[in-house]
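In: requesting a structural model of the entry that follows:
(2 chains)
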Amino acid sequence: MSDSGAPMGADTSERDEFRAYCREWLAGNHPGRPPVPLPLSQLLLDDRRAVEWLQGWQKSAYDAGLVGCDYPVAYGGGGRTDCQVIANEEMHAAKTPYLVNIVGMGMAGPTILFHGNEDVKRELLPPLLSAEHIWCQGFSEPGAGSDLANQQTFARRDGDHWIINGHKVWTSLAHFADWMILLCRTDKGDKYGGLSYFVVPIKAALGNGVTVRPLIKMTGETGFNEVLFDDLVVSDRYRLGAVGEGWKVAMTTLTHERGAAALVNPAAGGMPLEEEGGVRTSSVASLIELARSEPRGVGTAADDATIRDELIQLRIREEAQRQSARRGRVPALTDHPARLPLQAKLVGSELTQDIGALSYQIEGMRSTLHVTDERAPAGGLYPLAYMNSFGGTIAAGTSEIQRNILGERVLGLPKSK
Amino acid sequence: MSQQPENFGFGEDEAMLRDAARKFFEDHYTPDKLHALVASESGLDRPNVAAWNRDHWEQLVELGWPAVCVPEDAGGVGMPLVAAVALAEEVGRAGFSSPLLATFQATCVLNACGTEAARQALRDIAGGTSTSVAITDRRGELGDGNTDVTCARGVLHGEAAFVQEARKADRFVVRARHADGCGLYLVEAGAPGLTIRPDAIVDLTRDQATLTFEGVEAVEAVPPGQGDAAIAQALPAMLCIASADMVGAGEWLLQTTAEYARTRTQFDRPLGFFQAIKHPLVNCMLDIDAAKSLTYNAACAVDHEPERSLAFARMAKAAASDMAAATASRAVQFHGGIGFTWECHVHLFFKRQMHGQVLLGDARHHRALLADGIIGERRGEAA
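Out: Next up, the predicted model:
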């Protein structure tokens, strides 16, 4: 990103200049519409053409200095302070697509920066920021979900290398990923103190210690994977943190994943993902449209007093979510810095789920029809969205775990284990 | 369409004012002192007193709080509504018994009048004249034309119900029906012919009364035919003030209950270890934060996006009302046996929340009106 003409520095006027620079660059460099429709989240990407197009966009935003702004220059970053948030706001306003390397930017990058050795930072961070390398996360296992420390994947030391065997599940993006952040066990005698943390070049090892297989969701769709390790050999230089300190390193990853940490994730973008006038199963406005189109008695579902009240409750929650995101950027209106960031995923995923649930009440008997039935209301997308919404309330810490975290970190309640 | 500032218009001045208010209440108005002030008598037949400390009001006037949303050209501070909202939040957090929020409500209405008489009344508020609004009818409704007071040749007859802080206020802004439509009128608390009949209310931190007018001379604040419009214009701001009070009281209930859950042990563990306590308490926090974000958004809209302010304010009041009931209920429940007693402070805030949730319309009321605006009017009876 050395060819960036962006000004440096962190004081107010320089941040204003940076904002103006972002705005100007974005005005001339929007990538337009994608070659194939994009899913609602990067984690659901399943089409290589979409991934490659998104990699092109991230590379160009990175080269211009809009991605990795707050990372040190030595590791391919912009060397700024508190500027990623500005670039994010400008990318959102310019309605650019989301950045494909969400696991890289949101989890792997900060963890490598804080825990990697100098060589590894210089080697891995620049292609991570540019999205040349796609990253995935190897934390969950069949026996380690909410109880994440119950890792069974085992790394055995062999001189300067580690031999890894085990089984990771629910691994989004693994079928496109070059690298994986991997939490695993190095000592079977100590649950939390027996964990270590590695970065693993999985694409290079496909067929040579690594197998990636698609998992089928309850909807019948694919989108995430399981990853099997069979005597995978990894150099010790790719260990992050000391042997036995994997849990501590993993907490760095999770704090960033939950949006409550030092480095801002430049992931969101602002491009509308559905076509104009199409069904948006996560928006209350679309649900109101659905209610207006579903016959009920002499009128429609939109005339039913109880459905109206529930629709408005959802509309209020939708607005509250938007306004809380805004308030989270006003420190004077937040008593605890992590309070609103730690709520975002919980509140958002439960709202999406409740929108899906109400769609059944609105569609009535017609909610029984599958996407392949041409008479299904709104193309049958609502029941599909409702089923998919459980991905949101389960992945990345279930809603129950999120409530534990909020109770413990924000309200100071004792840990539930 | 106009644009709201990203920070809700909540800048350094507003933050300083809010922090000063929080400090004032921490110094002068702890829950112990509040309990001693308003809850010294416990029987069902306790005397109906409006317990408050007039010295505190004098101090607030010195600090300029009643004047924050009075325009500068009427001797006020002229701050945005979010400043009054922040003060209202601290008032709620302290369970403060005073005419301050009633005076904010009156300020909202007087700001919408645009007459010299209203301007003078605002000047008086800035100088310390506490003022309340008498704009609800006997059924507690406050829509257009909802008044049981009539006005003929500047003289009022009839009654206004559910008037807040009536025994603490120096003056009232009264809606009265005239041959040419509703007007708004200013009446002094000691005016001949005015009887302030206190309601016996559950909430110990406020007072409420029915005002009876028997030939009361009144000053016209807006002429007949323009009173309803002034109230309608003021309504979004009034809803914001009422919501902010519940946000503050909700936060007190949350923090107090969390403290109890950290310290009270059963089965050899603090209560908060158990997810049956932890998760519903987190739900209270989510409800408070939603209501707070909606309240600041609505208050900012009043100043910067008036065309959307009513819908935003109804969302805030609906969310805050449901939150108020939820935080009140969970706080008593999670305090267990002690929470059910008079000596525990929780009941003071429980009662304040249950009062606040119905003030100016409850959650269902505002959601039904939002539905008419967002979804469209209901057609017929759906099967």
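In: for the biggest helix by length in chain B, packing partners?
Out: The single longest helix within chain B, with elements called by DSSP state H, is helix B:227-263. In terms of contacts (3 or more C-beta pairs under 8 Å, 6 or more residues apart in numbering or on different chains; DSSP states H and E), helix B:227-263 is packed against helix B:81-94, helix B:100-111, strand B:171-178, strand B:181-188, strand B:269-270, helix B:275-304, helix B:306-339, helix B:346-358. All C-beta atoms are positioned from the backbone trio N, CA, C, and that covers glycine.
In: which one is the residue in the stretch 51-200 of chain A positioned nearest to chain B nearest to, not counting chain neighbours?
Out: Going by C-beta to the nearest C-beta, chain B is nearest to residue A:89 of the stretch 51-200 of chain A, at 8.7 Å. Computed as C-beta to C-beta, 6 or more residues apart in numbering or on different chains, the closest residue to residue A:89 that is not its neighbour in sequence is residue A:19, at 7.8 Å.
In: how close does the residue of the stretch 51-200 of chain A closest to chain B sit to residue B:198?
Out: Distance of residue A:89 to residue B:198, computed by C-beta to C-beta, to the nearest Å: 53 Å.
In: sketch out the low-pLDDT regions of the stretch 101-250 of chain A for me.
Out: Under the criterion pLDDT under 70, no range of the stretch 101-250 of chain A is flagged.
In: ranges for the strands of it?
Out: Along the stretch 101-250 of chain A, counting by DSSP state E, counting those that start in this stretch, strands occupy A:135-138, A:154-158, A:161-172, A:179-185, A:195-200, A:210-215, A:224-235, A:239-240.
In: for the stretch 251-400 of chain A, same thing?
Out: With DSSP E, counting those that start in this stretch as the definition, the stretch 251-400 of chain A shows strands at residue ranges A:295-296, A:299-300.
In: and residue A:89 and residue B:198? Which one has more around it.
Out: Each of residue A:89 and residue B:198 has its neighbours counted (other C-beta atoms under 10 Å in any protein chain shown); residue A:89 has more, 17 against 14.
In: look up how far residue A:28 lies from that one.
Out: According to C-beta to C-beta, residue A:89 and residue A:28 sit 18 Å apart.
In: bridging residues for residue B:149?
Out: For residue B:149, the beta-bridge partners under DSSP bridges are residue B:158.
In: ok, it touching residue B:213?
Out: Yes - judged on C-beta atoms under 8 Å, residue B:149 makes contact with residue B:213 at a distance of 5.8 Å.
In: got the CA positions of stretch A:211-228 in CSV?
Out: C-alpha atoms of stretch A:211-228 as CSV (Å, rounded to 0.1, in the frame of the first residue of the first chain):
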residue,chain,number,x,y,z
THR,A,211,-9.1,-32.9,4.2
VAL,A,212,-11.9,-30.3,3.8
ARG,A,213,-15.4,-31.7,3.4
PRO,A,214,-18.7,-29.8,3.1
LEU,A,215,-21.3,-30.1,5.9
ILE,A,216,-25.0,-30.0,4.9
LYS,A,217,-27.1,-27.6,6.8
MET,A,218,-30.7,-28.3,8.1
THR,A,219,-32.0,-26.5,5.0
GLY,A,220,-30.2,-28.9,2.7
GLU,A,221,-27.7,-26.2,1.6
THR,A,222,-24.0,-26.4,1.9
GLY,A,223,-21.8,-23.4,3.0
PHE,A,224,-19.6,-24.6,5.8
ASN,A,225,-17.2,-27.5,6.3
GLU,A,226,-15.5,-30.0,8.5
VAL,A,227,-11.7,-30.1,8.4
LEU,A,228,-9.8,-33.3,9.2
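In: got a list of what residue B:230 touches?
Out: B:109, B:112, B:113, B:114, B:184, B:221, B:222 (C-beta atoms under 8 Å, 6 or more residues apart in numbering or on different chains).
In: with adjacent residues omitted, what lies nearest to it?
Out: In space, and not counting its chain neighbours, residue B:230 is closest to residue B:112: 4.2 Å by C-beta to C-beta, 6+ apart.
In: touching stretch A:209-222 from outside, list them.
Out: Residues contacting stretch A:209-222 (C-beta under 8 Å, 6+ apart): A:46, A:164, A:169-171, A:174-175, A:200, A:202, A:206, A:223-233, A:384, A:387-388, A:390-391.
In: oops, could you answer that again for stretch B:255-272 instead?
Out: A:407, A:411-414, B:31, B:277-278, B:281, B:284, B:330-331, B:334-336, B:345-346, B:349.
In: just give the number of residues close to residue B:338.
Out: Using other C-beta under 10 Å, residue B:338 has 12 other residues around it.
In: ok so, going back, any buried residues in the longest helix of chain B, and which?
Out: By neighbour count on 16 or more other C-beta atoms under 10 Å in any protein chain shown, the buried set for helix B:227-263 is B:227-228, B:230-231, B:233-254, B:256-258, B:260-262.
In: stretch B:347-365 now?
Out: Across stretch B:347-365, burial judged by 16+ other C-beta under 10 Å covers B:347-363, B:365.
In: alpha carbons of that stretch, in PDB - could you do that?
Out: Extracted in PDB, the C-alpha atoms of stretch B:347-365 (Å, rounded to 0.1, in the frame of the first residue of the first chain):
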ATOM      1  CA  HIS B 347     -40.200  -0.800  45.700                       C
ATOM      2  CA  LEU B 348     -39.600   3.000  45.400                       C
ATOM      3  CA  PHE B 349     -38.300   2.400  41.800                       C
ATOM      4  CA  PHE B 350     -40.800  -0.300  41.100                       C
ATOM      5  CA  LYS B 351     -43.600   2.100  41.800                       C
ATOM      6  CA  ARG B 352     -42.000   4.900  39.800                       C
ATOM      7  CA  GLN B 353     -41.600   2.600  36.800                       C
ATOM      8  CA  MET B 354     -45.200   1.400  36.900                       C
ATOM      9  CA  HIS B 355     -46.300   5.000  37.100                       C
ATOM     10  CA  GLY B 356     -44.000   6.000  34.300                       C
ATOM     11  CA  GLN B 357     -45.100   3.300  31.900                       C
ATOM     12  CA  VAL B 358     -48.600   4.700  31.600                       C
ATOM     13  CA  LEU B 359     -47.800   8.400  31.600                       C
ATOM     14  CA  LEU B 360     -48.500  10.000  28.200                       C
ATOM     15  CA  GLY B 361     -49.800   6.700  26.800                       C
ATOM     16  CA  ASP B 362     -48.500   3.100  27.400                       C
ATOM     17  CA  ALA B 363     -46.600   0.900  25.000                       C
ATOM     18  CA  ARG B 364     -49.700  -0.600  23.300                       C
ATOM     19  CA  HIS B 365     -51.200   2.800  22.700                       C
END
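In: in TSV: the helices and strands packed on helix B:227-263, plus mean pLDDT.
Out: Converted to TSV, these look like this (pLDDT from 0 to 100):
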stretch	mean pLDDT
helix B:81-94	98
helix B:100-111	98
strand B:171-178	98
strand B:181-188	98
strand B:269-270	96
helix B:275-304	98
helix B:306-339	98
helix B:346-358	98
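In: of all the ones you listed, which lies closest to residue B:60?
Out: Among the helices and strands packed on helix B:227-263, helix B:100-111 comes nearest to residue B:60, with 6.3 Å by C-beta to C-beta.
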